[in-house]
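K.L.:
turn this into a model:
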Amino acid sequence: MPYTAAFMGGIFRDVMTYEAAITCACLFLCLYINVITSIFNSLINRFVFMFRPHWRKYVENKYTISAIVVMHLSSYAGVTFLFVTTSSSYAETRQIATIETETALIEFMKYPSFVYVPSRNERTKTVIIVYFFIVLTIATILFIAIVVFLKNIRDLKETEIVSKTMRSLVISTLVQAFLCVLFVFTPVAFLLCTLAFNISNSANSLNILLTMLSFHGTVDNLCILYFVAPYRRYCLSLICCRPGKRSNTIEIYETVWFGHTFDL
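P.N.:
Model prediction:
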């Protein structure tokens, strides 16, 4: 039987309160939602700009922006409601953990920020199962979007995209979407799966996958610096150029796109 518990580490280990730990967990889920929506928005914007330029009027208007804002606020409200209705008090959390795990987690209960997710509560289990399928559905949609994006790129003629900058931006977006599936969706989906279906002997695998979450930001930034040519050249210039030497050259990239010419 897998048990899920957490407590704040580092300098906050002995000073973080239980209520503050619950608040941090709520903020973490809100930031998790922001990561997902930012990847979706980036992928949709690049897709519309490259393959469906006549759709830009539907994307770049106040109604679409308002809908995105309302969606975010609704998601934040849903996460907050979930934590308020399912979380227990400081004493109740330790009592439930003791009943379900006996002495398995007793050494961690001394920390004020100790948080335990009940594994025998049917309401909590139902919520976990629902969220598991939601995460799985979103990850599947994102993966399908990557495949559709790649198919449209392959169908384009070579003369339709000639800007290396545009190519690098497209590749960067696709790699970012793939990294989102790998580093963000996979650990959380596996966590929810182990809780929903009581997968035994999954602690080590789960800890390794959850560690991947902390590397997503670093890997994502390295991806941007590598695949976006102007960023890469600028960073290399900081490393390779001689001190005090400045370049006055201005590079102009020209994109021939669907019969129109744009200067970037």
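
K.L.:
quick one, helices of this protein?
P.N.:
Assigned by DSSP state H, the chain shows helices spanning 18-51, 56-59, 62-86, 90-101, 122-155, 164-179, 186-197, 203-227, 229-240.

K.L.:
worst mean pLDDT among those helices?
P.N.:
Ranked by mean pLDDT, the helices of the chain end with helix 164-179 in last place, scoring a mean of 74.

K.L.:
residues near residue 215, how many?
P.N.:
11 (other CB atoms under 10 Å). Where you see a C-beta, it was placed from the backbone N, CA and C, and this is true even at glycine.

K.L.:
roughly how far does it sit from residue 208?
P.N.:
Distance check for residue 215 against residue 208: by CB to CB, to the nearest Å, it reads 11 Å.

K.L.:
residue 67 too?
P.N.:
Taking CB to CB as the measure, residue 67 and residue 208 are separated by 38 Å.

K.L.:
would you mind telling me which of the helices of the chain is nearest residue 111?
P.N.:
Residue 111 sits nearest to helix 18-51 of all those, at 9.1 Å, using CB to CB.

K.L.:
so what's the residue count around the nearest residue to residue 175 once chain neighbours are set aside?
P.N.:
Computed as CB to CB, 6 or more residues apart in numbering, the closest residue to residue 175 that is not its neighbour in sequence is residue 223, at 5.1 Å. Other residues lying near residue 223 total 17 when counted by other CB under 10 Å.

K.L.:
now swap in residue 240 and tell me
P.N.:
Under the neighbour criterion other CB under 10 Å, residue 240 is assigned a count of 7.

K.L.:
buried residues in stretch 17-32?
P.N.:
For stretch 17-32, the buried set under the neighbour-count rule, 16 or more other CB atoms under 10 Å, comprises 18, 21-22, 25-26, 29, 32.

K.L.:
and those, which is closest to residue 127?
P.N.:
Ranking those by separation from residue 127, with CB to CB as the measure, puts residue 29 on top at 12.6 Å.

K.L.:
how close does the closest one get to residue 81?
P.N.:
Noted for residue 29: a distance of 12 Å to residue 81, by CB to CB.

K.L.:
how about the nearest residue to residue 205, chain neighbours excluded?
P.N.:
Excluding its sequence neighbours, the residue lying closest to residue 205 (CB to CB, 6+ apart) is residue 190, at 7.3 Å.

K.L.:
my guess is that neighbour contacts residue 212, does it?
P.N.:
No - with contacts defined as CB atoms under 8 Å, residue 190 does not count as touching residue 212, sitting 10.1 Å away.
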